[in-house]
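Student: Kindly generate the corresponding structure for this input.
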Amino acid sequence: MHFAVILTDRKDGLPIRLANRPAHIEWLKSSGIPIAGPFLDETGEGMIGTLLIVEADDEAGVVAIIDNDPYAKADLFESRQIRPWRWVVGKPA
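Tutor: Coordinates of the predicted model:
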């Protein structure tokens with residue numbers, strides 16, 4: 001099953017995000033997460049959160065995966081939402 005994970009950065013999170021970005025990108029490459037990217041501020045330049053599509057058996061499995069994200073370990077996120085999600089268009093074969 002797939003889940004959409006919406007992570008919102010702390011208001012003072014930009015320095016944390018930038019300091020941990022290289023480790024976060026490496027973690028993403030090895031995590032098996034098929035879709036990931038930052039939410040942007042109204043200027044389209046500043047990063048203020050993260051969207052991940054995670055495959056797991058259940059929500060507890062999602063939490064186990066995302067808790068290993070260097071961003072999560074650095075306490076970047078103010079909040080997170082985890083919702084079951086169905087991949088309809090653009091799904092790989």
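Student: how about residue 52, secondary structure?
Tutor: Following DSSP: H, G, I helix; E, B strand; the rest coil, the label given to residue 52 is strand.
Student: Would you confirm that it contacts residue 7?
Tutor: Yes - with contact defined as CB atoms under 8 Å, residue 52 reaches residue 7; the gap is 7.3 Å. No exception for glycine: its C-beta is placed from N, CA and C like everyone else's.
Student: intersection of neighbour lists for the two?
Tutor: By the contact definition CB atoms under 8 Å, 6 or more residues apart in numbering, residue 52 and residue 7 are jointly contacted by residue 66.
Student: Which strands and helices lie in contact with the top helix by length along the chain?
Tutor: Of all the segments assigned as helix in the chain under DSSP state H, the longest by residue count is helix 14-31. Packed against helix 14-31 by the contact rule (3 or more CB pairs under 8 Å, 6 or more residues apart in numbering; DSSP states H and E) you find helix 70-73.
Student: what comes up buried for the helix it packs on?
Tutor: Within helix 70-73, the residues that count as buried by 16 or more other CB atoms under 10 Å are 70-72.
Student: One more: stretch 75-88?
Tutor: 76-77, 80, 82.
Student: Now tell me what touches stretch 2-22 from outside.
Tutor: With CB under 8 Å, 6+ apart as the contact definition, stretch 2-22 has outside contacts at 39, 46-56, 59, 62, 66, 70-72, 74-87.
Student: Residue 40 and residue 6, how far apart?
Tutor: Residue 40 is 14 Å from residue 6, where distance means CB to CB, to the nearest Å.
Student: if you count what's nearby, which of those two comes out ahead?
Tutor: When neighbours are counted by other CB atoms under 10 Å, residue 40 and residue 6 differ, and residue 6 comes out ahead with 15 against 12.
Student: what lines up beside the strand or helix carrying the more buried one in the sheet?
Tutor: Assigning secondary structure by DSSP states H and E places residue 6 in strand 2-9. In the sheet, strand 2-9 lines up against strand 47-55 (antiparallel), strand 77-85 (antiparallel) (DSSP bridges).
Student: Brilliant, that's me finished.
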